[in-house]
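Asks: pasting a predicted model and its sequence here:
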Number of protein chains: 2
Amino acid sequence: MKSDIDICRDTLLSPIEDIAKQAGVQPQELTPQGSLKAKIKPAILNRLADQAEGKLVVVTAITPTPLGEGKTVTTIGLAQGLAKIDRSVMACIRQPSMGPVFGVKGGAAGGGYSQVAPMDKLNLHLTGDIHAVTAAHNLAAAAIDARLYHESRLGYDLFSEKTGLPALRIDINNITWKRVMDHNDRALRMITIGQNEPDKTINGLERHDGFDITAASELMAILALSDDLHDMRKRIGRIVVAYDLDGNPVTAEDLQVAGAMTVTLCDAIEPTLMQTLEGVPTLIHAGPFANIAHGNSSIIADKIALKLSDFTITEGGFGSDMGFEKACNIKAQQAKRGPDCAVVVATLRGLKANSGLYDLRPGQALPDGIFAEDHNALVAGFENLKWHISNAARYGVPVVVAINRFPQDTDEELAQLQAMIKAESFETFVDVAISEAFGKGGDGAIKLAECVVTACQHKANFTPLYQLNQPLEEKIMAVAEVGYGASHVELSEVAQQQLVKFKELGFDELAICMAKTPLSISTDPSIKGAPKGFTVPVRELKLCAGAGFIYALCGNVMTMPGLPEKPAYMNLDIDENGNIIGLS
Amino acid sequence: MKSDIDICRDTLLSPIEDIAKQAGVQPQELTPQGSLKAKIKPAILNRLADQAEGKLVVVTAITPTPLGEGKTVTTIGLAQGLAKIDRSVMACIRQPSMGPVFGVKGGAAGGGYSQVAPMDKLNLHLTGDIHAVTAAHNLAAAAIDARLYHESRLGYDLFSEKTGLPALRIDINNITWKRVMDHNDRALRMITIGQNEPDKTINGLERHDGFDITAASELMAILALSDDLHDMRKRIGRIVVAYDLDGNPVTAEDLQVAGAMTVTLCDAIEPTLMQTLEGVPTLIHAGPFANIAHGNSSIIADKIALKLSDFTITEGGFGSDMGFEKACNIKAQQAKRGPDCAVVVATLRGLKANSGLYDLRPGQALPDGIFAEDHNALVAGFENLKWHISNAARYGVPVVVAINRFPQDTDEELAQLQAMIKAESFETFVDVAISEAFGKGGDGAIKLAECVVTACQHKANFTPLYQLNQPLEEKIMAVAEVGYGASHVELSEVAQQQLVKFKELGFDELAICMAKTPLSISTDPSIKGAPKGFTVPVRELKLCAGAGFIYALCGNVMTMPGLPEKPAYMNLDIDENGNIIGLS
């Protein structure tokens, strides 16, 4: 089979104006960026205010191997399958981060014959939204250190006299806003900034700091969760960047940088319209990771797609304990709109990887044996799928399992897996279909599409795990104990102090965003399958008052990835015609 | 008068397709990005290979105040003036950095009725080229630290065995590639990276590092100086990022990251077409600063404009000792094409500021008195203008002085200044005109345009200050002694060692890029006017093998600016309609 980028390059795509027209977007609502991508003005929602909404389908997965189980392939394939059976459909996905593109996993456009196209544009820069988030985020960081420096240099009184601004008296030991970069750069995790030549002070005040990957920025979450530009402006103003010497929060509004940050994100708030290889209109908007952030594309994009089409297919990153949990408890609660159906992507290799019978390591190739027939491994690994189906059903939505078929998979094992699913009973309607979307595009996902249409006829009774007005610790327990099935939660001393502080400051009604490994339902990546009786250790809490949630950092999860020994960037280059090669 | 952004918003602009058509760009050579900006494919140069080139006019200035003397206003005004007298004309300028936009100086779109429009798009992101340079630059930085880490963690032999890659054995104390960010962030000038929790090593190896502003990145220079994508690919491969333990250079090619860096810059190599408020086609491409970099927009953009129009108006940053010197000695030598005419922008306030009679401070407002009539200050400050005219004439090109008129300027002083210029004699043809381009647009620059047309009829005898095959120290002396009029150059011990090393490594034939203050012809910002007998202290040299020059860092110049006490970002916000306010 051809490489992803060759398949993409050999496909005749439609002008984006045609895709927009077909989707029901009017020319004045569209700002084309070249012939194959366009920004859509959120004002389209005013015109469509009285339009009924279609069905919202959230694609999730089993606990994945480090290479992923083809969730985006299935999302795009399902959208193409629905189009094949003449349904009006749009897909909504996240903008890929350059970290994975240049690191281990590669791009995030889907693959094979189920891709968003052109995949090179999607995977690199796109329309610049992630860069805009990076720029706006780091502007606030520069503003903090500049204010700290000038107030310290002049003294608080003279500073105020000279500038007419209040002294913010930021506590240098209590600055919570780090810097960000859209790369896997482990050397920036823990740094010291503001260092000076001996006897000089012109570079500011020395302090500990660090960079997160942009996908983990609170601003990325704000972009994904805002209703509109004005809501975004207000949320940015609420961001707590530090505390002053009395322990009071210092916000982006206090720094008078919230307006400029919003201005920096003015274009980013518009979703980008692209198309799949089969011409299904697809909105790309925001790119929070699902392990260290809330892992879902934007509310604005979903709203637009729901108004324009009968089926909106979106996805939450990693397994249903990750992006899907956050789709339900964070995104759906803020959007006041839950999903109508969940699709759980499973692969034979992924289930076998969950059997505990293989030695899998992040950053390493999968063992060859994992593709061979292995009844025991499949049965053992099935526990993981059963857990994820039950988990999705727990939210009150019908579930369709999509078995993403690999060329090596045997008909026997595929039939066996389907039978195992059908033999179980769950809280809601559950069905299963094999998807060959990777190799066959929409034609390979017709059965899946039909199952999803049927599932959507079963009325969902969407119920999040917690209500926002519950106390913070109850909400954390709800996710860990009810959501993951942990036996208990262990808050570190630091986390306990933070919890008290956040309550005192009036942030008790925020949602909870768990940051944990995606490679296990528990917080230990080596525990596969469907673990029980484990503890969820919460190392630290992080307030995101603008995004509307509090991060709970569990276990050793890191908010800045690193590059492996032989990173994907080594494959990338241009050929003699100037075409990009090696992107996957 | 209305604010710049209001003037811009109240002007009816033409669709960029119409501007392109008028300029002679064919539809297949254009990639519109919205209705008011478009990327131009450099392949247009193949179609136009046999077309004759127009005249190249480089706009420069006297030694400016920290607010600038209106060089971009004059560049855009002159282009508009030429259009008013029916000349075919294009302007080529740099993409503004967000550092000044959010810092002190504000945007860089020109101003008043001589702006590139829309100015908010130009000043913020534009088509993402600066972000792409930042991303490509920092990818290489992450690659260095990742390689260092993995080779150290595994040991050289095991690393090679495991990956099939040679161990690069990078010397941790000799890494020359810093990181970059497009912000004024002084706290990042000197940092320590790769720090770890006690007894851990997972964040890599601890070392000193720092961030420059993106405008100072070697990649930014490469973007501005490359002939085409393939030339850019080769230049990126040649970048020396570090030295190994034997003192041998380690390049981006050695790191196998040069291909991915090029891929990251694939769109950035295409200039962006915009228009002035009066519809003159303008190319925006690359954004190196003129103090800490080579300060000129791209060779590719100039080449395209020279083929499409009779007059190409471009500018070098700051005074003629800065961007114009580099336009002649770096850009023109690489492009094999010198300017046909120089325009020196002067203001009454700027000349008075050069009189030595006022106390001017960077980051502070100008004293009010500087706008009042003051014969003595004008005469004293005129020495600076005389120096800059002579300096431009030294390169063998005719010179037009453009007096950028401010509302407070009196007719008497303007007449006096013109008379002083006409009373002097210079090496080449020199003329003078008053420009009222800020307040009147092209109509205010008709006289200037006529002078430039006449000046261009005088054949230029372009001669750079040095030939590339001269030894490095001779080239540095040529710029400092012949170019600035210094009495001698003082190389620090470090710089002397670097000189020896660069010669040994075979980099003797590179050009010289001086990094120094723009606020004086000397390297001391407090010395105004036309200083003589000063010394140029060269603190450090920096190899840019891909860009094709060696930086000489003179005096206290800094490659990462800082934010002032009351930065420009405090004025920026959105209004109730979502429009940007406060941008200038």
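Replies: Arrived safely, thanks for sending.
Asks: what's the separation between residue A:292 and chain B?
Replies: 16 Å (Cβ to the nearest Cβ, to the nearest Å). Where you see a C-beta, it was placed from the backbone N, CA and C, and this is true even at glycine.
Asks: same check on residue A:3?
Replies: When residue A:3 is compared with chain B (using Cβ to the nearest Cβ), they lie 15 Å apart.
Asks: just residue A:219 next, same as before
Replies: 14 Å.
Asks: repeat that for residue A:445.
Replies: Taking Cβ to the nearest Cβ, one finds residue A:445 at 31 Å from chain B.
Asks: just residue A:317 next, same as before
Replies: Residue A:317 is 22 Å from chain B, by Cβ to the nearest Cβ.
Asks: in the longest helix belonging to chain A, which of the residues would be classed as buried?
Replies: Identified as the longest helix of chain A according to DSSP state H is helix A:129-154. Residues of helix A:129-154 classed as buried: A:129-151, A:154 (neighbour count, 16 or more other Cβ atoms under 10 Å in any protein chain shown).
Asks: swap in stretch A:194-213?
Replies: A:194-195, A:203-207, A:209-213.
Asks: chain B next: which of the residues you listed are close?
Replies: Contacts with chain B within the buried residues of stretch A:194-213, counted by Cβ under 8 Å from any Cβ of the partner chain: A:194-195, A:203-205, A:209.
Asks: can I get the residues you listed in TSV with secondary structure and pLDDT?
Replies: Listed next are these as TSV, based on DSSP: H, G, I helix; E, B strand; the rest coil; pLDDT from 0 to 100:
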residue	secondary structure	pLDDT
A:194	coil	98
A:195	coil	98
A:203	coil	96
A:204	coil	96
A:205	coil	97
A:209	strand	98
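Asks: can I get the residues you listed in CSV with distance to residue B:321?
Replies: Putting those into CSV (distance: Cβ to Cβ, whole Å) gives the following:
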residue, distance to residue B:321
A:194, 32
A:195, 32
A:203, 27
A:204, 30
A:205, 35
A:209, 37
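Asks: nearest spatial neighbour of the residue of the stretch 151-300 of chain A found nearest chain B, chain-adjacent residues omitted?
Replies: Per Cβ to the nearest Cβ, residue A:259 is where the stretch 151-300 of chain A lies closest to chain B, at 3.0 Å. Distances taken as Cβ to Cβ, 6 or more residues apart in numbering or on different chains place residue B:573 nearest to residue A:259, at 3.0 Å, with adjacent residues excluded.
Asks: again, but for residue A:523
Replies: Counting by Cβ to Cβ, 6+ apart, the residue nearest residue A:523 is residue A:555, at 3.6 Å.
Asks: which residues does the one you found contact?
Replies: Applying Cβ atoms under 8 Å, 6 or more residues apart in numbering or on different chains, we find residue A:555 in contact with A:516-517, A:523-524, A:537, A:539.
Asks: can I get the host helix or strand of residue A:415 as CSV, trimmed to CA atoms?
Replies: Assessed by DSSP states H and E, residue A:415 sits inside helix A:411-423. Only the C-alpha atoms of helix A:411-423 are listed here, as CSV (Å, rounded to 0.1, in the frame of the first residue of the first chain):
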residue,chain,number,x,y,z
ASP,A,411,-11.4,-13.7,10.2
GLU,A,412,-11.5,-16.2,13.0
GLU,A,413,-10.2,-13.9,15.6
LEU,A,414,-12.4,-11.0,14.4
ALA,A,415,-15.5,-13.3,14.6
GLN,A,416,-14.4,-14.5,18.0
LEU,A,417,-14.1,-10.9,19.3
GLN,A,418,-17.5,-9.9,17.9
ALA,A,419,-19.1,-13.0,19.6
MET,A,420,-17.5,-12.1,22.9
ILE,A,421,-18.9,-8.6,22.8
LYS,A,422,-22.4,-9.8,21.8
ALA,A,423,-22.3,-12.4,24.7
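Asks: neighbouring contacts of that helix?
Replies: Here helix A:411-423 makes contact (Cβ under 8 Å, 6+ apart) with A:346, A:348, A:351, A:373, A:375, A:378-379, A:382, A:385, A:389, A:401, A:403, A:405, A:430, A:432, A:434.
Asks: for those residues, which one is nearest residue B:125?
Replies: residue A:346 (40.6 Å; Cβ to Cβ).
Asks: now for that closest one: which residues touch it?
Replies: Taking Cβ under 8 Å, 6+ apart, one finds A:61-62, A:69, A:385, A:388, A:401-404, A:417 in contact with residue A:346.
Asks: just read off the phi/psi values of the spatially most central residue of chain A.
Replies: By Cα atoms, centre = their mean, chain A has its centre lying nearest to residue A:295, at 2.1 Å. When read as degrees, to the nearest 10, the backbone of residue A:295 gives phi 70, psi 30.
Asks: any idea of the pLDDT on it?
Replies: Looking at residue A:295, its pLDDT is 96.
Asks: again, but for residue A:51
Replies: At residue A:51, the pLDDT recorded in the model is 96.
Asks: surely it is within a strand?
Replies: No - assessed with DSSP: H, G, I helix; E, B strand; the rest coil, residue A:51 is coil; it does not lie in a strand.
Asks: how about the nearest residue to it, chain neighbours excluded?
Replies: residue A:307 (4.7 Å).
Asks: averaged pLDDT, the helix or strand harbouring the one you found. What do you get?
Replies: Here residue A:307, judged by DSSP H and E, is contained in helix A:299-308. In this model, helix A:299-308 has a mean pLDDT of 98.
Asks: now stretch A:460-474
Replies: 96.
Asks: now swap in stretch A:379-399 and tell me
Replies: When pLDDT is averaged over stretch A:379-399, the result is 97.
Asks: list the buried residues for it?
Replies: For stretch A:379-399, by 16+ other Cβ under 10 Å, it's A:380-399.
Asks: burial check on residue A:494, number of neighbours?
Replies: 13 (other Cβ atoms under 10 Å in any protein chain shown).
Asks: how about the nearest residue to it, chain neighbours excluded?
Replies: Excluding the flanking residues, the one nearest residue A:494 by Cβ to Cβ, 6+ apart is residue A:540, at 5.7 Å.
Asks: for residue A:78, what are its contacts?
Replies: A:57, A:59, A:313, A:343, A:402, A:435, A:437, A:445, A:448-449, A:452.
Asks: which of the residues you listed fall in strands?
Replies: A:57, A:59, A:313, A:343, A:402, A:435 (DSSP state E).
Asks: and the fourth one, what pLDDT?
Replies: It refers to residue A:343. 98.
Asks: that one and residue A:432, how far apart?
Replies: Noted for residue A:343: a distance of 10 Å to residue A:432, by Cβ to Cβ, to the nearest Å.
Asks: looking at these two, which is more packed in?
Replies: Neighbour count, other Cβ under 10 Å: between residue A:343 and residue A:432, residue A:343 has more, with 30 against 22.
Asks: so for the residue lying closest to that one once chain neighbours are set aside, what's the pLDDT?
Replies: Leaving aside its chain neighbours, residue A:343 sits nearest to residue A:59 (4.5 Å; criterion: Cβ to Cβ, 6+ apart). Looking at residue A:59, its pLDDT stands at 98.
Asks: residue A:59 contacts residue A:317, correct?
Replies: No - when contacts are counted by Cβ atoms under 8 Å, residue A:59 is not listed as touching residue A:317 (10.3 Å).
Asks: which neighbours do these two have in common?
Replies: Listed as contacting both residue A:59 and residue A:317 by Cβ under 8 Å, 6+ apart are residue A:71.
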